[in-house]
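Participant: model the following, please.
(2 chains, ligands or ions: 4)
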Amino acid sequence: MSDPTRLRLTLNGHPLDVVCPPERILLDLLREDLNLTGTKRGCDLGTCGCCTVLVDRRPVLSCLTLALLAGGREVTTIEGVTPASGLSPLQKAFVDLGATQCGFCTPGFIMTAGALLRENPHPSRGEIASAVAGNLCRCTGYSKILDAIEAASRVA
Amino acid sequence: MHLDPFELHRPESVDETLELARRYAGSFDYLAGGTDLLPNYKMHLNLRPHLIALEDVGELRGHSLDRIGAMTRLADLERDPEFLRSYPAIAEAVREVATPLVRASGTLGGNLFLETRCFFFNQSYFWRQSLGFCMKADGDQCHVVPQKEKCYATFSGDLAPALMVLDAEAEIRGPGGARRVPIGELYDGAGDGIRRTRLAPGELLVAVHLPASARRRRSTYRKLRVRPSFDFPELGVAAAGRWEGDRLEELSLAAGGLETYPRRFDALTSPLLGAPLTDTKIEEVASKLRGLVRPVHNTFLAPDYRKKMAGVFTRRALAGIRPGATA
Ligand SMILES: Cc1cc2nc3c(=O)[nH]c(=O)nc-3n(C[C@H](O)[C@H](O)[C@H](O)COP(=O)(O)OP(=O)(O)OC[C@H]3O[C@@H](n4cnc5c(N)ncnc54)[C@H](O)[C@@H]3O)c2cc1C
Ligand code: SF4
Ligand code: FES
Ligand code: FES
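Facilitator: Ligands and ions are numbered 1, 2, ... in the order given. Alright, predicted model coming up:
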């Protein structure tokens, strides 16, 4: 029988093979074991969306996911959607339109919005607002975030 | 927050799941999407040494108009336009559960069996320790209704009332074989409030079945919550009815978020059959329901207000399912 604590998955396009205790939460694995600190820990309880990553291309709260249950899947973090140099069009729209202030919520918004735009490249403002309803921002008041996602959808 | 160590089991069939449930009786929790269980584990609420993850059990997946597997993600129901059109009450309830990110992982089974909630319970270990633990976890008193027998934590699932008014049934498998019960009978209204359901030890919810008659009903779910895109229900009222012309042939009404268990109000609705549902009758039912429900002060909004709003939301729900109603 294979070792039940052996975790194999694809992380940002690269194979990962680590030993992981059952109680390890995906967010902790990313931040503490793998030093991928772009994914943020906000509430740690499912309320803020800061910890959003993609699992098989769908946005998921990494603070409520057991790392072992992501085995065999494709996990993408903010590091995985940021080009080697510069920013993606979505990230650039956030910067240009003032949709990021303290920046703590931004990785989560980029992951959720990126998944939305892949599935629905030209969403209405209402569709954008519903899609990011699980991401909280304490700074911007949201309008600029919706502006940025809308602007990015026009570029795409 | 790190979790305390536990042993994780990953069965691949219902039989294997039930075998594990038998072996670890009394010392395990099932893990579905984890969106309710893991926050509670992080707060050290009633930890068990074994988790049986249902993720890999294929028989619990998939849904059709007649049957929803227990491991169906709420997001999957939300993406099925035919399903949503067929059951407006379920559609409205699903869309109002938590946030899209929670619904991406949260499942039907977890929604029906989610832990009841209370201001004094859903707190960190440190918080609870400083006040004194309560009966529901680690203690022997109740901070809401001081006494030592019963917990009044609130049932806060949105789907149960919607499924109850559509006469949905739960398919359960356990050591004694398979059985089917109406959704309302999953909850033990006469219990101590701590044990949430009538599932026998080792039983597992496999699926929920919807009868064809449910598709002939007009239905709705009306939810009161503080932040419209986040919060648990402060109350939720579901109604479903079928008319012949303007004559009411079937009517059912259920409410959750007000007490420890969701409940149906057949005694209020059955006298209304065979006649039109007038404004006066709606007012009567709404005020009776308001008199019957007993919210306590363990959620965000005050019990008096929730009681009052239970009447208002009942009125809106009933008016909303009349033929020709627009909202
Ligand atoms: C921020 C936030 C907001 C929320 N808001 C709402 C809300 O507005 N409305 C609402 O209804 N819920 C809400 N929830 C709770 C929860 O996310 C949902 O109820 C979800 O559907 C639970 O499903 P799950 O699969 O994640 O359950 P889990 O956490 O995996 O399980 C919950 C419980 O059900 C048991 N269980 C699961 N499946 C089975 C089965 N097949 N047989 C027997 N027992 C089983 C588990 O053992 C556990 O005790 C919220 C959660 C969060 C984090
Ligand atoms: S109602 Fe009482 S016993 Fe139940 S969780 Fe709240 S304080 Fe604890
Ligand atoms: S850190 Fe995961 S939702 Fe807040
Ligand atoms: S930019 Fe500060 S929380 Fe959103």
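Participant: what's the closest non-adjacent residue to residue 22?
Facilitator: Here I'm looking at chain A. residue B:8 (3.6 Å; C-beta to C-beta, 6 or more residues apart in numbering or on different chains). (C-beta placed from N, C-alpha, C; glycine too.)
Participant: not quite, I wanted chain B
Facilitator: residue B:202 (5.4 Å).
Participant: using the three-state scheme, assign the residue nearest to residue A:22.
Facilitator: Assigned with DSSP: H, G, I helix; E, B strand; the rest coil, residue B:8 falls in the strand class.
Participant: how about the contacts made by residue B:102?
Facilitator: A:46, A:61, A:64, A:134, B:35 (C-beta atoms under 8 Å, 6 or more residues apart in numbering or on different chains).
Participant: now the residues you listed in CSV, with pLDDT and neighbour count?
Facilitator: Below are these laid out as CSV (pLDDT from 0 to 100; neighbours: other C-beta atoms under 10 Å in any protein chain shown):
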residue, pLDDT, neighbour count
A:46, 96, 24
A:61, 98, 31
A:64, 98, 25
A:134, 96, 24
B:35, 98, 26
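Participant: number of nearby residues for the residue nearest to residue A:22?
Facilitator: 18 (other C-beta atoms under 10 Å in any protein chain shown).
Participant: list the contacts of it.
Facilitator: A:4, A:22, A:66, A:68, B:31, B:50, B:51, B:53.
Participant: that older thread, near ligand 4, from the contacts of residue B:102?
Facilitator: Near ligand 4, taking C-beta under 6 Å from any ligand atom as the test, no member of the contacts of residue B:102 is found.
Participant: can you tell me the helix or strand for the closest residue to ligand 2 within chain A?
Facilitator: Here chain A gets closest to ligand 2 at one residue, residue A:45, 17.5 Å apart by C-beta to the nearest ligand atom. In this structure, residue A:45 sits in neither a helix nor a strand according to DSSP states H and E.
Participant: from what I see, it and residue B:39 are in contact.
Facilitator: Yes - Residue A:45 sits in contact with residue B:39 when judged by C-beta atoms under 8 Å, with a separation of 4.6 Å.
Participant: quickly list what's touching both of the two.
Facilitator: Counting by C-beta under 8 Å, 6+ apart, the residues touching both residue A:45 and residue B:39 are residue A:64.
Participant: count the neighbours of the closest residue to residue A:24 other than its chain neighbours for me.
Facilitator: Nearest residue to residue A:24, sequence neighbours excluded (C-beta to C-beta, 6+ apart): residue A:67, at 4.6 Å. By the criterion of other C-beta under 10 Å, residue A:67 has 23 neighbours.
Participant: pLDDT value on residue A:67, please?
Facilitator: With respect to pLDDT, residue A:67 scores 98.
Participant: need phi/psi at it.
Facilitator: Backbone torsions for residue A:67, taken as degrees, to the nearest 10, come to phi -60, psi -40.
Participant: for it, what are its contacts?
Facilitator: Neighbours of residue A:67 in contact, by C-beta under 8 Å, 6+ apart: A:7, A:20, A:24, A:25, A:26, A:28, A:29.
Participant: among those residues, which are located in strands?
Facilitator: Among the contacts of residue A:67, DSSP state E puts residue A:7 in strands.
Participant: sorry, back to before: now for the residue of chain A closest to ligand 2: which residues touch it?
Facilitator: Residue A:45 sits in contact with A:63, A:64, B:39, B:42, where contact means C-beta under 8 Å, 6+ apart.
Participant: just want the phi and psi numbers for it.
Facilitator: phi -130, psi 10.
Participant: against residue B:253, how distant is it?
Facilitator: 33 Å (C-beta to C-beta, to the nearest Å).
Participant: again with residue B:247
Facilitator: 18 Å.
Participant: those two: who's more crowded?
Facilitator: Between residue B:247 and residue B:253, counted using other C-beta under 10 Å, the more crowded position is residue B:253 (26 against 12).
Participant: quick one: the helices in chain A?
Facilitator: A:26-28, A:78-81, A:89-96, A:106-119, A:125-131, A:143-155 (DSSP state H).
Participant: right, so of those, which gets closest to residue B:145?
Facilitator: With C-beta to C-beta, the closest approach to residue B:145 among the helices of chain A belongs to helix A:26-28: 37.2 Å.
Participant: what residues does chain B have near ligand 1?
Facilitator: Residues of chain B lying near ligand 1 (C-beta under 6 Å from any ligand atom): B:29-37, B:39, B:54, B:70, B:74, B:97-98, B:102, B:105-107, B:109-111, B:113-115, B:156-158, B:204-205, B:231-233.
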